[in-house]
Each structure stands twice: as C-alpha cells, then as structure tokens.
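Peer 1: Quick one: sequence plus predicted model below, questions after.
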Amino acid sequence: MRGKLFKCDILSQVHKVGKVARAICIMSHPIPDTNDSHSAQVILPQKQLDRICSAAPMHTVEPKGKYIAFVSATAKTDNPEVELKPGVYLLGPVDEIFYNTYDRFTPTNNSEDDHCFIATSYDATTHFESTVADVLAIYSKITGKAVDLSVDMSAASADAQE
C-alpha cells in the first residue's frame, strides 16, 4: 500500500448529517460565575445549548486583558445568533462576536475497498473529543494497530542520544 497514490473524490463519498452553529466571542473579562477561572467549560442541556468554552490569557491565545469564549451547538437553523443566544447571554458583555454555521459530514465510502480514509467533520464539541476518537479509529484502520501514546522517557531523553 505504501507509495501508491489513491485518488479520492471526497464530495461523492460523504453524507450531510447536520449543522453546527458556533460563535467566537472576545471579552474583557472571564465568564461570570466561574470564580474568575482562567479556563472553563460550561455544558448546558441540549434543549438550551450544547457548550461554552473559554480560554484565558495564560493560554496565550489572546492579547493581555482579553478572554476568548467559544459557544457551539448542533444547529437546527441557519440563524446562529438566535440559536446561540442562551450561551452568549451567560458570557456577560462581549466586545466582539463572530458567528458561523457550517454543515457536518460523515464518510459513506468503504475505506477497505477504495483506500480512502475520510474523517467525520467537526461537531459541536469544544475540546475536539469526538474528532480525536475519529482520528484514532482511522489510524487503526490504516495500520491495523491501536495508537500507542506511551513514551519510554529513558529512550526519549537527550542523555540517551549522546
């Protein structure tokens, strides 16, 4: 299999399974009622909203004095402002907000037959846990082995290389 190039027509090998609404919010404060936590994840019941995740300055993903929060949900409409309103409301004052809605797809092909390994698109989870599980499953399909993330620290140290 190695070295052989396979051509994949991805659009013909996926099926739409839903939509995700996401808001990226820039704030000058942490999420209220989280004890000024530097990082937080708030998960609300599905009928209200899916998830809120906040990163803080210690993560160095935003300028000093700013906080970034992500609000996401499985979308039912093309109006993310309305769908995400309950989660955005919990953030308090927001300096700037960016909304987006996008389609989700899942593969329909048989990777054993066509050797084309297609990942499922991102869902509403904020820490990519379902994406990681999908990537690990694809790795196992390709190699026939489970991923081994254990590290032999003695073999990985600089002293062992000298």
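Peer 2: Happy to help now that I have it.
Peer 1: Please make it C-alpha for all contacts and neighbour counts, starting now.
Peer 2: Noted.
Peer 1: what bits of this protein have low per-residue confidence?
Peer 2: For the chain, applying pLDDT under 70 flags the ranges 1-8, 38, 44-62, 155-162.
Peer 1: So the residue nearest to Asp36 when sequence neighbours are not counted, which state does it fall into?
Peer 2: The shortest distance from Asp36 to any non-neighbouring residue, by C-alpha to C-alpha, 6 or more residues apart in numbering, is to Pro30 (5.6 Å). For Pro30, the assignment made with DSSP: H, G, I helix; E, B strand; the rest coil gives coil.
Peer 1: Surely Pro30 and Gln41 touch.
Peer 2: No. In this structure, Pro30 is not within contact of Gln41 by C-alpha atoms under 8 Å, at 11.6 Å.
Peer 1: what about those two, which has more around it?
Peer 2: Pro30 (24 against 17; other C-alpha atoms under 10 Å).
Peer 1: which residues does Trp42 bridge with?
Peer 2: Just to correct that, residue 42 is Val rather than Trp. Per DSSP bridges, the residues bridged to Val42 are Ile52.
Peer 1: returning to that earlier point: would you list the phi and psi of the residue nearest to Asp36?
Peer 2: The phi/psi pair for Pro30 (degrees, to the nearest 10) reads phi -70, psi 170.
Peer 1: same question, Ser111
Peer 2: phi -60, psi -20.
Peer 1: Show residues contacting the top strand by length along the chain.
Peer 2: For the chain, the strand that runs over the most residues, judged by DSSP state E, is strand 14-27. With C-alpha atoms under 8 Å, 6 or more residues apart in numbering as the test, strand 14-27 has contacts from 66-76, 80, 83-84, 93-109, 123-124.
Peer 1: In the sheet, which strands lie alongside that strand, parallel or antiparallel?
Peer 2: According to DSSP bridges, strand 14-27 has these partners: strand 67-75 (antiparallel), strand 96-107 (antiparallel).
Peer 1: ok, and which of those has the densest surroundings?
Peer 2: Of all these, strand 67-75 carries the top mean neighbour count, a mean of 25, counting by mean count of other C-alpha atoms under 10 Å.
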